[in-house]
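[1] compute the structure for the input listed below.
(chains A and B)
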Amino acid sequence: MNTPNQTEILLVEDSQDDLDMTLRALRRANMANHIQIARDGAEALEFIFCEGAFATRKIENIPKLIMLDLKLPKIDGMEVLKRIKGDPRTKMIPVVVLTSSKEQNDVIESYGLGVNSYIVKPVDFESFAATVKNLGMYWLLLNQPPQT
Amino acid sequence: MSSDNSNGNVADNETRKEQAMTWTMEQALRASELSYRRLFEAARDGILILDVDTGRITDVNPFLVELLGFSHDEMVGKTVGDLSPFKDVVSNQTMLERLQKDGYVRYENLPLETKDGRKKAVEFVSNVYQAGDKKVIQCNVRDITERKRAELALIRLAAIVESSDDAIMGKDLNGIITNWNKGAEKIFGYTAVEMTGTSIMRLIPADRKDEENHGMENIKRGKSVEHFETLRQTKDGRLINVAITISAIKDALGEIIGVSKVAHDITDRKAAEEKIHQLNTDLEQRVVERTAQLEAANKELEAFSYSISHDLRAPLRAVNGFAGIVLEDFGPQLPEEGRGYLERIRAGALRMGVLIDDLLAFSRLSRQSVNRQNVNTVKLVQNVLDELKPQRDGRQIEIKTGELPACHGDSALLKQIWVNLISNAVKYTRGREPAIVEIGCTHEDGEDVFSVRDNGAGFDMKYANKLFGVFQRLHRDDQFEGTGVGLAIVQRIVHRHGGRVWAEAKVNEGATFYFTIGETKS
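    Sure, this is the predicted structure:
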């Protein structure tokens, strides 16, 4: 059972611009209450695996969704994805890659690693907002996760 | 001393004895003459008997008759000089004088011609001897034509052997050298005098002594010829590469009595081969290096494209996004004009997003490999027309499709060509009533030339050179939208297939684009 303070979305994003726009879109869709932000891959992993600053967190309290950018400082998104999907404790967490890259290689590699969706961030603001909103709606409200 | 009677008896006895002796002598003489006659008749040399005083022929043996072709009667009574075979070379008088003085004349190699014109070489020997109470001359004529011919053949062979650049050597079965030509002197440095009678082994490097025995064994075992390439040592100690041919020398009975050895100096050839090998190795090395460089360059290009794809789009999203947020959050407080400018900012960012996408698609083309396969052009074009239906919605466009032969190319890339050319035709016929797009193919100079013709805006042919450049446009954006990458992509795909692309057009009358893809399916 989720406690009221439990993180629903882990948003891994290094760009302040994209971060602001994503948060605004989530706010407008009333889904911005339990969001954890990580600004690079290392921070994301520390949160997920309860290390460093997040050592007191319980790993069982998995987020409902991870929105993951691919191009990140320190540890890139692909490596983060690999670690999440390679660990039995975390592999059930839905991960959506949200990136600027349209490169087929990235799409193929992400799916190979077990990503749940691969979304290219649209340049158009309205499309972008709609995409983030739909993602949140789908994974937080419509999707039925396995009972933990 | 004795009585008359007895004297008479004695005389009688003496007479009988004498008679008996004469008879015996005559008999012996006759026997001798007979055997001489037999020799004369049967001799395998020609024999002429001449009268010593006149030099006239008194007898000719059958062999000479046969040799010269003149009959016995044709020759008897003539002088030697009278006979046509001898007349140019033997002066009768000179011969007679020399015979009378020396009793002997010899011509070693006398050329003469038989009655029927055959050339002969003869040895001609004349002797004077006493026959009974008179002297006669006997001339022996020996036919040496065959011997001379054989000698000449030998001289020729020897000359050929001597003049050869290859080393030609003879040796006996024990490896003792019997013959050594000039070529051998040149190649190995030893003279014939130095080598003849010595062992061939001095030419063979220590580690190859077995090779010689092996070759000899093969020859002795009946193998007629043996070829191999090996190393030999010259007089000055150099090792040279030689190609050797050994063959058996047999006597008249077929018994092997030695071997002939021909050695060809292949040092230069070996050096050339080594050089070619070295060059090939270098070339392979260079190809490996160049490939690595190309791969590195490709990787770099990929990283560059990735960077453009990712990093250039992110700020555009911010430009478009925050302009959108300002419009959404503060729109009502802004004057109409201000809202319009914010819309233009957003549109600009969007357009740049499209430009980046097109540019990336274009650059990806040079990295993508071309996988040729048989392509059904009719189906491909039909698919493209179906996909472009949304663009044609609400338009009156007459599409005429001619005969489209199958071709051999990368079907995904070929599809891109057709998409770009047909959508251009659809775009640039906007406003034409009716718009006509003709898709076809002609066979010219052994290749299929595909074409897309429209009756649209066309263009001025003086700008045709700009047509296929990246971001090059011949129309303003407010007339016909576009990024100017479509035809650049068409050209790149065509070139990657080894084909050609060109266009013909007239302003306001339409344009035709032609292309080939290099390889025609047979």
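[2] phi, psi for residue A:27 please.
    Main-chain torsions, residue A:27, degrees, to the nearest 10: phi -60, psi -50.
[3] then the one 4 residues further on?
    Main-chain dihedrals, residue A:31, degrees, to the nearest 10: phi -130, psi 20.
[4] what about the host helix or strand of residue A:98, near chain B?
    Taking DSSP states H and E as the definition, one finds residue A:98 inside strand A:95-99. Yes. Contact of strand A:95-99 with chain B (C-beta under 8 Å from any C-beta of the partner chain) involves residue A:99. In this view, the C-beta of every residue, glycine as well, is placed from N, C-alpha and C.
[5] in its sheet, what does that strand sit against?
    Strand A:95-99 has the following sheet partners, assigned by DSSP bridges: strand A:65-68 (parallel), strand A:117-120 (parallel).
[6] who's in contact with the one residue in chain A that gets nearest to chain B?
    Taking C-beta to the nearest C-beta, chain B has its nearest neighbour within chain A at residue A:125, 3.2 Å off. Taking C-beta atoms under 8 Å, 6 or more residues apart in numbering or on different chains, we find residue A:125 in contact with A:21, B:317, B:320-325, B:346.
[7] what do you get for residue B:198?
    Residues near residue B:198 by C-beta under 8 Å, 6+ apart: B:176-177.
[8] on the pLDDT front, check it for me.
    pLDDT for residue B:198: 92.
[9] then residue B:190?
    The per-residue pLDDT reported for residue B:190 equals 94.
[10] now do the contacts for it.
    Shown in contact with residue B:190 (C-beta under 8 Å, 6+ apart): B:180, B:184, B:235.
[11] got it, and residue B:75?
    Applying C-beta under 8 Å, 6+ apart, we find residue B:75 in contact with B:48, B:57, B:60, B:64-65, B:68, B:83.
[12] what does residue A:129 give?
    Residue A:129 sits next to A:21, A:24-25, A:28, B:324 when contact means C-beta under 8 Å, 6+ apart.
[13] and for residue A:116?
    By C-beta under 8 Å, 6+ apart, the neighbours of residue A:116 are A:94-96, A:139.
[14] same question for residue B:104.
    Neighbours of residue B:104 in contact, by C-beta under 8 Å, 6+ apart: B:125-128.
[15] do you know the pLDDT at it?
    pLDDT for residue B:104: 85.
[16] now chain A, which segments are flagged as low pLDDT?
    Low-confidence segments of chain A (pLDDT under 70): A:1-5, A:147-148.
[17] residues in contact with stretch B:339-351?
    With C-beta under 8 Å, 6+ apart as the test, stretch B:339-351 has contacts from A:123-125, B:316-317, B:319-320, B:323-324, B:326-327, B:331, B:334.
[18] only alpha carbons, please: show it as CSV.
    Extracted C-alpha coordinates of stretch B:339-351, given in CSV (Å, rounded to 0.1, in the frame of the first residue of the first chain):
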residue,chain,number,x,y,z
ARG,B,339,0.6,37.2,-29.4
GLY,B,340,1.3,37.1,-33.2
TYR,B,341,5.0,37.4,-32.7
LEU,B,342,5.0,34.7,-30.0
GLU,B,343,3.2,32.4,-32.6
ARG,B,344,6.0,33.3,-35.1
ILE,B,345,8.6,32.3,-32.5
ARG,B,346,6.9,29.0,-32.0
ALA,B,347,6.5,28.4,-35.8
GLY,B,348,10.2,29.2,-36.3
ALA,B,349,11.3,26.7,-33.7
LEU,B,350,9.0,24.0,-35.2
ARG,B,351,10.4,24.7,-38.7
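[19] identify the residues contacting the strand holding residue A:98?
    A:13, A:22, A:65-71, A:77, A:81, A:84-85, A:106, A:110, A:114-121, A:132, A:135, A:139, B:310.
[20] what's the next secondary structure element after that strand?
    Downstream of strand A:95-99 (by DSSP H and E), the next one is helix A:104-113.
[21] around chain B, pick out the residues from chain A.
    Residues of chain A lying near chain B (C-beta under 8 Å from any C-beta): A:15, A:17-18, A:21, A:24, A:70-71, A:99-103, A:121-126, A:128-129.
[22] mind checking which of these are buried?
    Buried by 16 or more other C-beta atoms under 10 Å in any protein chain shown: A:15, A:18, A:21, A:24, A:70-71, A:99-103, A:121-125, A:128-129, out of these.
[23] give me the neighbour count for residue B:515.
    Residues contacting residue B:515 under the criterion other C-beta atoms under 10 Å in any protein chain shown number 24.
[24] before we move on, the earlier item: can you turn the buried part of the contacts of strand A:95-99 into a ChimeraX selection?
    Remark: buried members of these, expressed as a ChimeraX selection using 16+ other C-beta under 10 Å:
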select /A:13,22,65,66,67,68,69,70,71,77,81,84,85,106,110,115,116,117,118,119,120,121,132,135,139 /B:310
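[25] follow-up on the earlier one: greatest separation within the contacts of residue A:116: which pair is it?
    A:95 and A:139 (9.9 Å; C-beta to C-beta).
[26] list the residues that contact both of those two?
    By C-beta under 8 Å, 6+ apart, the residues touching both residue A:95 and residue A:139 are A:65, A:116.
[27] give me the low-pLDDT residue ranges for the stretch 1-150 of chain B?
    Across the stretch 1-150 of chain B, the ranges flagged by pLDDT under 70 are B:1-8, B:10, B:87-92.
[28] which single residue of it ends up nearest chain A?
    residue B:150 (87.3 Å).
[29] now do whatever helix or strand that residue lives in: which elements does it pack against?
    In the assignment (DSSP H and E), residue B:150 maps to helix B:145-163. Secondary structure elements in contact with helix B:145-163, counted by 3 or more C-beta pairs under 8 Å, 6 or more residues apart in numbering or on different chains; DSSP states H and E, are strand B:119-131.
[30] how about residues contacting stretch B:476-487?
    Defining contact as C-beta under 8 Å, 6+ apart, one finds that stretch B:476-487 is touched by B:354-355, B:358-359, B:361-362, B:420, B:423-424, B:427-428, B:430, B:457, B:467-473, B:475.
[31] whichever of these end up buried, select them in PyMOL.
    Burial among the contacts of stretch B:476-487 is assessed by 16+ other C-beta under 10 Å; the matching PyMOL selection reads:
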select buried, chain B and resi 355+358+359+362+420+423+424+427+428+457+467+468+470+473
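[32] the contacts of stretch B:476-487 in helices, which ones?
    Using DSSP state H, B:354-355, B:358-359, B:361-362, B:420, B:423-424, B:427-428 are the members of these that sit in helices.
[33] in the residues you listed, find the pair that's most separated.
    B:359 and B:428 (22.1 Å).
[34] coming back round to it: most surrounded residue in the contacts of residue A:116?
    residue A:95 (27 neighbours).
[35] so what's that one bridging to?
    Assessed by DSSP bridges, residue A:95 has beta-bridge partners residue A:66.
[36] now do the helices in chain A.
    Counting by DSSP H, the helices of chain A are A:16-28, A:41-48, A:77-85, A:104-113, A:125-136.
[37] how about CSV for the ones you listed, with distance to residue B:142 added?
    Listed next are the helices of chain A as CSV, based on distance: least, C-beta to C-beta, whole Å:
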stretch, distance to residue B:142
helix A:16-28, 122
helix A:41-48, 116
helix A:77-85, 109
helix A:104-113, 102
helix A:125-136, 123
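[38] near chain A, which residues of chain B?
    B:305-306, B:309-311, B:313-318, B:320-325, B:346, B:349-350, B:353, B:357, B:360.
[39] which of those are buried?
    Buried members of those, scored by 16+ other C-beta under 10 Å, are B:305-306, B:309-310, B:313-314, B:316-318, B:320-325, B:346, B:349-350, B:353, B:357, B:360.
[40] how long is stretch B:68-85 from one end to the other?
    Start to finish, the residues bounding stretch B:68-85 are 8 Å apart (C-alpha to C-alpha, to the nearest Å).
[41] which parts of it are buried?
    For stretch B:68-85, by 16+ other C-beta under 10 Å, it's B:68, B:70, B:75, B:78-81, B:83, B:85.
[42] I'd assumed residue B:474 was in contact with residue B:463.
    Yes. At 5.4 Å, residue B:463 and residue B:474 qualify as touching, with contact defined as C-beta atoms under 8 Å.
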